[in-house]
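Peer 1: Any chance you could fold what I've pasted below:
(2 chains)
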Amino acid sequence: DTAVSQTPKYLVTQMGNDKSIKCEQNLGHDTMYWYKQDSKKFLKIMFSYNNKELIINETVPNRFSPKSPDKAHLNLHINSLELGDSAVYFCASSLDRGPLLETQYFGPGTRLLVL
Amino acid sequence: KQEVTQIPAALSVPEGENLVLNCSFTDSAIYNLQWFRQDPGKGLTSLLLIQSSQREQTSGRLNASLDKSSGRSTLYIAASQPGDSATYLCASNAGNMLTFGGGTRLMVKP
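Peer 2: Here you go, the predicted model:
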């Protein structure tokens, strides 16, 4: 069974469109994340949610809005897509045990190409 | 702000060699450090996680060390195999937020 899954795997769209990427984890984890990996392969945190509550929001344009309907899901909605949004987006999750922070498990990534 | 650097950026070795990948971080106030493997076009696979109170972790042919005071971690791969070819990423964790290095692209030649 897939631990952290993302849909779609590939997304090709036009500039200006609005799109969503879905993420689900079946690990029973409390915390979920969105990361962006750019063309130079640098991975950067975008958002982190703990029990449906936003706890980390790095410098990300307002066009990006995460939505967590429940603990097992963290979706990423992107408005007015721009060329620079083209990247691979990774979802991840971890079990929050306070001071003993656990391994983050990553999804397979969503490759977004904005034309 | 935490910065994580990995050296070298790319490494090519013949099969069977032992090798060391380096990771340095600027802020030693971390909770743990994690090493990942990324295959081309794929997601990340966690290899080892070292808590801040630990010095090293081992899994099979992999050994990761952590020296918080000097802001360094190393990933040692023993008896490398072609299947080890991938990009290896280290990430420091300060409060659930992973800061990644740029990765080391490893190629192990048969």
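
Peer 1: Could you list the residues of chain A in contact with chain B?
Peer 2: A:31, A:33, A:35, A:40-45, A:48, A:50, A:55-56, A:90, A:92, A:94, A:96, A:99-109 (Cβ under 8 Å from any Cβ of the partner chain). In short, each C-beta sits where N, CA and C put it, glycine included.

Peer 1: Okay, now the unreliable bits of chain A?
Peer 2: A:1-2, A:97-101 (pLDDT under 70).

Peer 1: Can you tell me the element residue B:53 falls in?
Peer 2: In this structure, residue B:53 sits in neither a helix nor a strand according to DSSP states H and E.

Peer 1: same question, residue B:12
Peer 2: With DSSP H and E as the test, residue B:12 turns up in strand B:10-14.

Peer 1: Which among the residues of chain A next to chain B count as buried?
Peer 2: Buried residues within the residues of chain A next to chain B, defined by neighbour count using 16 or more other Cβ atoms under 10 Å in any protein chain shown: A:31, A:33, A:35, A:43-45, A:48, A:50, A:56, A:90, A:92, A:94, A:101-109.

Peer 1: Neighbouring strands - and their directions - for the strand holding residue B:12?
Peer 2: strand B:104-109 (parallel) (DSSP bridges).

Peer 1: Who does residue 93 form a beta bridge with?
Peer 2: With no chain named, the answer covers chain A. With DSSP bridges as the rule, residue A:93 is bridged to residue A:32, residue A:105.

Peer 1: um, chain B though
Peer 2: Applying DSSP bridges, one finds that residue B:93 bridges with residue B:32, residue B:98.

Peer 1: Correct me if wrong: it contacts residue B:35.
Peer 2: No - the pair residue B:93 / residue B:35 is not scored as a contact, 11.7 Å apart, by Cβ atoms under 8 Å.

Peer 1: Show the contacting residues for the residue nearest to residue B:83 when sequence neighbours are not counted.
Peer 2: With sequence-adjacent residues excluded and distances taken as Cβ to Cβ, 6 or more residues apart in numbering or on different chains, residue B:83 is closest to residue B:108, at 7.8 Å. For residue B:108, the contacting residues are B:12, B:13, B:14, B:15, B:17, B:80, B:81, B:82, B:83, B:84, B:85, by Cβ atoms under 8 Å, 6 or more residues apart in numbering or on different chains.

Peer 1: Please repeat the previous calculation with a cut-off of 7 Å.
Peer 2: Contact analysis of residue B:108 by Cβ atoms under 7 Å, 6 or more residues apart in numbering or on different chains lists B:13, B:15, B:80, B:81, B:82, B:84, B:85.

Peer 1: can you give me the strands in chain B?
Peer 2: Along chain B, the stretches classed as strands by DSSP state E are B:4-7, B:10-14, B:19-25, B:32-38, B:44-51, B:56-59, B:62-67, B:72-77, B:86-93, B:98-100, B:104-109.

Peer 1: Appreciated, that's everything.
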